[in-house]
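Visitor: mind looking at a prediction? Sequence and model below.
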Amino acid sequence: MGTQDKKRVLYAIIAIGAAMIMLVMLTAYAAELRHENNKLISENSEIAGEAETMSAKVKSSGNISHIEGVAAKKYGMEYPVSGQIVRISKDYKVPDNFAANLRKLAYKK
C-alpha cells in the first residue's frame, strides 16, 4: 500500500468520523426537540383543562339562579313586595306582583 493509498484511507476515516460525529449531534438535537415538544404538549393539555374549567365557571356564574342566590346570601337582596314599590309618576299604576312580572319580562326564553 502506497503513501497515496494511506492518505486516501486516512481521509476516508476522518470523513466517516466527522459524519458519525454529525450524526450523533443531530440525534441529540432531535432528542432535545422531541423533549421540548412533549413538554409543550403537556403544558397545552393543562391549559386546555384550565380553559374548560374556567368556561364551566363562567357558565355557572352567569346562571340567573346563581346570581339570585349570591344576591340573596351575600348582599341580603330580595324581590320587593307590592308595598315596597315606589311610584315614578302619579299616572303610573304598579301592577300586582310587579317583581314577578318584571322577572318574567327580563328573563324570557
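Guide: Received the coordinates, thanks.

Visitor: next helix or strand past the longest helix along the chain?
Guide: In terms of residue count, the longest helix belonging to the chain (DSSP state H) is helix 3-61. Under the assignment DSSP states H and E, the closest C-terminal helix or strand after helix 3-61 is helix 64-75.

Visitor: quick check: mean pLDDT of that next one?
Guide: Average pLDDT, helix 64-75: 86.

Visitor: and stretch 40-60, how far out from the chain's middle?
Guide: 4 Å (C-alpha atoms, centre = their mean, to the nearest Å).

Visitor: please report how far the spatially most central residue of the chain lies from residue 45.
Guide: For the chain, the residue nearest the mean C-alpha position is residue 51 (2.5 Å; C-alpha atoms, centre = their mean). From residue 51 across to residue 45, the span is 11 Å (C-beta to C-beta, to the nearest Å). The C-beta positions use only the backbone N, C-alpha and C, and glycine is treated the same way.

Visitor: next: residue 30.
Guide: 23 Å.

Visitor: do the same with residue 75
Guide: The gap separating residue 75 from residue 45 is 39 Å, by C-beta to C-beta.

Visitor: just residue 80 next, same as before
Guide: Per C-beta to C-beta, residue 80 is found 49 Å from residue 45.

Visitor: can you check residue 57 too?
Guide: Residue 57 is 19 Å from residue 45, by C-beta to C-beta.

Visitor: equivalent analysis for residue 65, please.
Guide: Using C-beta to C-beta, we find residue 65 at a distance of 33 Å from residue 45.

Visitor: low-confidence stretches in this structure?
Guide: For the chain, residues meeting the criterion pLDDT under 70 lie at 87, 92-95, 109.

Visitor: let's see that with 80 instead.
Guide: 1, 60-62, 82-109 (pLDDT under 80).

Visitor: report the angle between the longest helix of the chain and helix 64-75.
Guide: 70 degrees (axes from the mean of the first three to the mean of the last three C-alpha atoms, to 10 degrees).

Visitor: and helix 3-61, what does it pack against?
Guide: With contacts defined as 3 or more C-beta pairs under 8 Å, 6 or more residues apart in numbering; DSSP states H and E, helix 3-61 has no helix or strand neighbours.
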